[in-house]
Each structure stands twice: as structure tokens, then as C-alpha cells.
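Turn this into a structure:
(2 chains)
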Amino acid sequence: MNGVGKLKRKRNRYIVCLLLPSIILPMIFTYYPMLKGSMMAFQSYNLMDISNIKWIGFGNFRKLFAPNPSNSFYTILGNTLKWVCVSLFFQFTIGFGIALMLKKKFRGSGIYQGLIFFPWAVSGFVIGIMWRWMFNGTSGVINDMLRRIGMVSEPIGWLADKKTALYSCIFANIWYGIPFFTIMITAALRGVSEDLYEAASVDGANAWVKFWCITVPSIRSVLLLTLLMRVIWIFNFPDLIYSMTQGGPAGSSHIVTSYMMQLVQSLDYGLASAVGLLSILFMIFFVIIYLAATKHLSGADE
Amino acid sequence: MKRRLAMILALTMGITALAGCGGTDSGTGDNAPAQSSTESTAQESEESAPASSEGGEITITMVESLTSPERTAIIREIADKYEAEHDNITIEIVSPPLENADNKITQMLMSGSGVDIVETRDLTITQYVNNSWIQPLDQWVEAWEDKDTLTSAAIAAMNKTGGEAYLLPYGFLWRGLYCHKGWFEEKGMELPTTWQEIHDTGVELTDSSQNRFGFAFRGGTLGHQYADNVIWAWIGTDILANPDAGYYLKDKDGETIFTMPEVKEALEFYKSLYTDCSPKDSIAWGFAEMVQGFVGGTTAMLIQDPEVISTCEASLEDEEWELIKFPTGPSGQAVYPNGFAGWAMASFTEHPDEVADFILYLSNPENNTYFAKNYATIPIHSTAPEIDSFFKEGRFAIYMEMAEDSNTYRCATQPMMYNAYATYKAEVDTMYQKWLTEEISTDELMAWLDGFWVDAYEQEGKKY
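Coordinates of the predicted model:
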């Protein structure tokens, strides 16, 4: 009896030892900075003068939500919603479409696949700079093409106009995000048994029915998970906006995270942390709702 | 059920971790890599520390802010020369990527080790002095054999912050007006000498159907500096309390220039530059677009730093373009920022004497002139034109002429000594863009500018 207990204790200690690295590393590199950042959100923490740091309660948050006309935080929240929803919708539908087309092998499909996946391998900032020059109003290639095919007579200042700046960034983001869905969904589709489709054909099902009754349910959990991940990634993806417009003109294309970058540049780490804390809260809230809403759906998969 | 709960928990945690990476972390998270990299340099210097007690080996670590590969090569060349003369000293140059260099440097300095010399700019010196990250160089400069040939601009920049020599400038960036000479000749027009002439000739040269415009307007980051140049050209610098705090009026106890009718007139003129003779797109233009606009043949005129000279030389024929003096305004003055940067000594360095010696070596007339010629800055020693005729002849000569005519050519800067400046710099361009796109009126813009600096004065007191 005693011997068994000893063995068990020894085994438990062994398990704890194995687990330690995976507990300690996130503690140091994720949870400590998060905690420290959350504390900063309640401080007046300005790098211009770090000898003068003090607790100010909800002061930073009050500043963010101050109801004066020059406060752009409300616009930024709206922009974030557009940025996430519009980007996600097109990334997903186009990515899904390409994945369905890639399911069937054709000549050169390997090369085509490689080309499709290419944007995903490039850094967001590089892509941003590339699109910034393409959208340039005076010497950009997009205006040039549109002019050559006669769609516009005067060059359009894509990134210089408040109406188009954010959507230009979203366009670039869609281009950037399609490969992710294509990769994930192509992989998932490979796992769907051909037998099911054959059986459905025997039963006289058309392509539409096959899609809705076989393809979608079979890869449902992949779809749900990739959507969830992408929402968080797109939300946390200020790279494009920062390199394309820096939130301009007149702050009209800022999203929450690019705005936070701007605050970091202005050395007001307190306010930046307040924005950061809010965005984490948004995300947790979103994840809980999303998981609750899709619990039933993913359950059906098992 | 338990399994599902565990899964949800795990997912939530994973997601917070993900959000954490891009979330609050951007504040602190940026720290992590920077700190670890400074830790590694700290380790290196620790490793060399025991050696120093034995053979006197010293490593001086120098961090650059305005990095470019060409410039690093020039500094390396001078450092190699120094190392050859001093057997026991190794100089290590750290060059963080330009875009985020100042943030990275801040984090390195916060960690309090691993840096001996830091490139300090007019934009960052207040922060470094406030936080006691850099120390005065007075005692070494006093004993320096070359101190007598320093130009007055160099001495002014040296003592500008904190009343002591917190940095030794390596050069100045004065702006000039770049023109496509041929375009003016085609229309039979003279090159402009005043802001008004820039506007008038600019309108003549603008033909949007040909994608040709008069002026390379800067609406993006730091665009407000151009507006300030116009404002100061309208009111002159004599009424300012201090040209280094160019928003405050003389003897007026914190009143700003932004209530003057002349400033309103200047701002409206500035806006007409955008609406009448610049590409619509230029509201988003930064340095790269402006230079591309000029060199690529979209705009006839460009106001920029001397570093554009080499770009123009590389892309345009010699007779196609001209660099002329900065334009004057109704006050009769031409006012431009006295942009500078220099070398400063970290307050926690372990070898202050050696570090100071190298800073002075970098800044001696020969090395500074060599650096200035290759990096296109205005040198800090008055003997530079004698050392290298480059500064007497050629494109650079206009700056020497400007320096001689101090009645007309004046420098002024935003009140960078105020802590509020960091916030101002991040917000003001957005306000200007709102104004340029008619979202707010000129009066509203001026009220915002006035309010901002009156507040700063109330909170921080008189700092100029």
C-alpha cells in the first residue's frame, strides 16, 4: 500500500516536472506582460517622464469614451467592426470557393496552389507597403489600370479620401487573408470520403444538395474554428492599416489596434494599455458568445 | 460535459493568449524582444568586463536612430579608424530598423545597461533628459581642442535642452526648395523666392489631366511642420518668446500665436497650396511619396532635407533640377526647422572617459565633415568649407549662403521641450487633415492648437 502511494507520488512529481516549462513560459511571456499591461491601463504612464507615474483609476477609460466631438474612438470602434466583418466575409467566401475548385486535381493545380498560398507567406507590413504604392493616387498602378480601361478619367486618391481609405485597406486585407481559408479548407476537404458523394449521386442528389448535406457538415468543425481564429487575427492585425494609411486621412481608417500603435508612438503607454485591455475584454466576450452559440452545432459533429 | 468545459476553458485561454500578443502587449509586449536583445548585449559587455580588468579591453556600444546601410558604413569606417588607433577599444554599432528605432532605443535605455552612446534627436532629447538616461558632456567638451570651431548653430543645439551639453550634434538638416527647372522655363517663369510665388507658379504649372502639379504637399505624418513654416514666415520669429518654442509669444506669459489674425491668414494660404496646386492624394503623403512625386515628374516643386540631393542626382539629369533657398513670407523672413541630431552618452555607461573620447573623435572637424558630406547634413565646424570644397561649390552652397544671411533665414521649432509634445505630434496631423478635408473650420483648428498649448503651459510651466 505504502509502496504504491510512493510510486504514485513519484509519478505525479514527474508529470508536474514535464508540465512546468509549458506553465512557466506562458506565465513569463504572456500572463505577466498582460497583468503589467492591465495595471498600466489604470495609471498615468507616459514615457516622456517615467519618474512621474501615478494611479489614476478609470481616467484613461474616461478619456477614451469622452463624449466630445474631437473624440474619434467611437468612429474607431465602428471601423473595427467593418474591418472585421467585411474582411472576414470575403476572405471566407472567396477562400472557400477556391478550396472547392482546388479539390479537383487539374493540370498545374500544384503550381496554382503554390501561387494562391503565396500572400500568406509575406509579412503584413511588406504587403501594406506594396498596396500603399499600388493605391497611390498619382503614380499608383491601380489608377493607371482603371484609366487605361477607361473606367475612370481622373485619378482617385484611394488612400487620401476618407470614404475609400478604410475600404482600400480592407481590399488588401481580403487579398491577404484568402489563402488561409483556402489552405485550411482544402486540407479539411481532403478528409471527406468520396463514398459519401458517390452514394449521394446514386440517390440522385444535385451538386447543391451535396454541398449543403455532405461537404459543409463534414468540415463544420474546421469551418467554425477557422472563422473564430480569423476574427481574432483580423482584429489583431493593424499591420496593413499602419503601413498603408497610418489611420489617416484624419483618423478615418483607424481600427482599435492601429490606434493603439499610434498611442504607443505618442509614448502614452497608460492610454495604450487601456485600449489593449478593452480589446482583450472584447475578444473574451466574443469568444464566450461564439462558443455558446455554436455549441449545439459543433456537438452535432461528434 | 467535463471534457467540453475543459475544451472551452482551454480555448478561451488560448484566445486570450492570442489576443494578448497583439493586445495589451503592444505596450509592454514590444518590450520582450527588445529587452532580451539588450540582455544579450549586456551579457556580452559583462563577458568583456573581466577581460577589461586583465588587458584593458573595452567595448563601446553605440545605438543609431536614423539608420541607413550607407550611413552605418560611414560610421563604421570612422570607428575602424579609431579602433586602429586604440588597441584596447572595440566599437559595436547597433542599428535597429528605422521605423521603430526610437521606440526600441527607449526600451534599451529603460533597461539601464548595454548602451554607451545613443543617437539623440531633437525629437527625443527631452524624453532622454527627463528620465536621466543621458548625461552632460560639458567637462569633456570644455577640454576639447576643436571646440572653438563649432558653429553657433551647433553650440545652440548642444545646450538647447536642460541648459547643459547633453549631446554633441553631428549635423543639421535645413530644408531647401527643389524645382524642376525645365518646367519653369517652358512657361517663361522665374524660380520662386517667396511662398506666394510658389503658389502662383504652382497654379500655372498644375494640369491634373496630365498628372502634373505645382507643389509636393505634405499632408501625412509631420505635415504640421510645413504649416508651421508658413505660419512663421507670415509672422516672423521676432515676436516669438523663443524660436525653440515657436508657438509662444514674447512677454505674454504662455499666450500662443494661434490667436493672431496673421496666423489665420497664413493657414488659409497653406490650405490654398493644397487645394490649388497639389495632388488631392498628397493629403496622405509622407517623405517617400513627396520625393517620388518630385523625382517621378508629378510635382514641380518640393521642400525637403538635403538628403534628397543624392536621390535627385541619381534619378534626374543635372540641368533638369535646381535646389534653391527656402522661400520667404510677408514678414520678409524664411523660417524653417533647425532639425538636428547628435551623439549622447548614456548615464549608466561604465567607461565615460573612453566614450566621451570617441564621441569627440567622431565630431572632430575632419570626421564630421566627412560624415556630413556623405550623409548630406550641414557640418558643425565652421572650417568645413576649407576642409572640403564640396560645401562651397555645388548644391550645398545655398545652405552656406543661408547661414550667412541670418536676417532673412531663421530657424524655429515646435516647443519640443514640453512633455505634451509627444501627444501633440501624434494628434496634430489628424487635426490638420480634418481641416484640409473641411471637417473642421480654420477657427476650430486654431482653437484646438491654442487650447492644446495653453494647457501644456499651465501644466508644465515655462520651459523655454
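
where are the low-confidence patches of the chain?
Unless you meant another one, I'm taking chain A. Within chain A, the stretches with pLDDT under 70 are A:1-2, A:69, A:296-302.

wrong one, I was asking about chain B
B:1-55.

Three-state assignment for the nearest residue to A:Leu146 once chain neighbours are set aside, please.
Excluding the flanking residues, the one nearest A:Leu146 by C-beta to C-beta, 6 or more residues apart in numbering or on different chains is A:Val152, at 4.7 Å. C-beta coordinates here come from the backbone N, C-alpha and C atoms, glycine included. Following DSSP: H, G, I helix; E, B strand; the rest coil, the label given to A:Val152 is coil.

any idea how far A:Val152 is from chain B?
Look at A:Val152 and chain B: by C-beta to the nearest C-beta, to the nearest Å, they are 12 Å apart.

In the stretch 351-464 of chain B, which residue sits nearest chain A?
Proximity of the stretch 351-464 of chain B to chain A (C-beta to the nearest C-beta) peaks at B:Ala426, 3.3 Å away.

Likewise for the stretch 101-250 of chain B?
B:Asn130 (4.7 Å).

How many neighbouring residues does that residue have?
Burial measure for B:Asn130: 19 neighbouring residues, criterion other C-beta atoms under 10 Å in any protein chain shown.

That one contacts A:Leu47, correct?
No. When contacts are counted by C-beta atoms under 8 Å, B:Asn130 is not listed as touching A:Leu47 (9.3 Å).

need the contact list for residue 67.
All of this is about chain A. With contact set as C-beta atoms under 8 Å, 6 or more residues apart in numbering or on different chains, A:Pro67 has no partners.

Correction: the question concerned chain B.
B:Thr67 neighbours (C-beta under 8 Å, 6+ apart): B:Ser95, B:Pro96, B:Pro97, B:Leu98, B:Ala101.

ok, now which ones touch residue 134?
Just so you know, I chose chain A. Counting by C-beta under 8 Å, 6+ apart, A:Met134 makes contact with A:Gly140, A:Val141, A:Ile142.

wrong chain, I was asking about chain B
B:Val118, B:Thr120, B:Ile125, B:Tyr128, B:Tyr166, B:Leu167, B:Ala344, B:Met345, B:Ala346, B:Ser347.

Identify the bridge partners of it.
For B:Ile134, the beta-bridge partners are B:Ala346 (DSSP bridges).

Okay, A:Ala160 and B:Gln433: tell me how far apart.
Separation of A:Ala160 from B:Gln433 (C-beta to C-beta, to the nearest Å) stands at 9 Å.

So which of these two has more stuff around it?
A:Ala160 (29 against 25).

Hmm, B:Val63 is touching B:Thr124, no?
No. Look at B:Val63 against B:Thr124 with C-beta under 8 Å: they stay out of range, at 11.6 Å.

Mind listing the shared neighbours of these two?
With C-beta under 8 Å, 6+ apart, B:Val63 and B:Thr124 have common neighbours B:Ile105.

Now stretch A:120-131 - C-alpha only, CSV.
Presented in CSV, the C-alpha positions along stretch A:120-131 are these (Å, rounded to 0.1, in the frame of the first residue of the first chain):
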residue,chain,number,x,y,z
TRP,A,120,0.2,34.2,-46.7
ALA,A,121,4.0,33.8,-46.5
VAL,A,122,4.7,37.5,-46.7
SER,A,123,4.8,39.9,-43.8
GLY,A,124,1.9,42.2,-43.2
PHE,A,125,4.0,45.3,-43.3
VAL,A,126,5.5,44.4,-46.6
ILE,A,127,2.1,43.7,-48.1
GLY,A,128,0.9,47.0,-46.7
ILE,A,129,3.7,49.0,-48.3
MET,A,130,3.1,47.2,-51.6
TRP,A,131,-0.6,48.1,-51.6
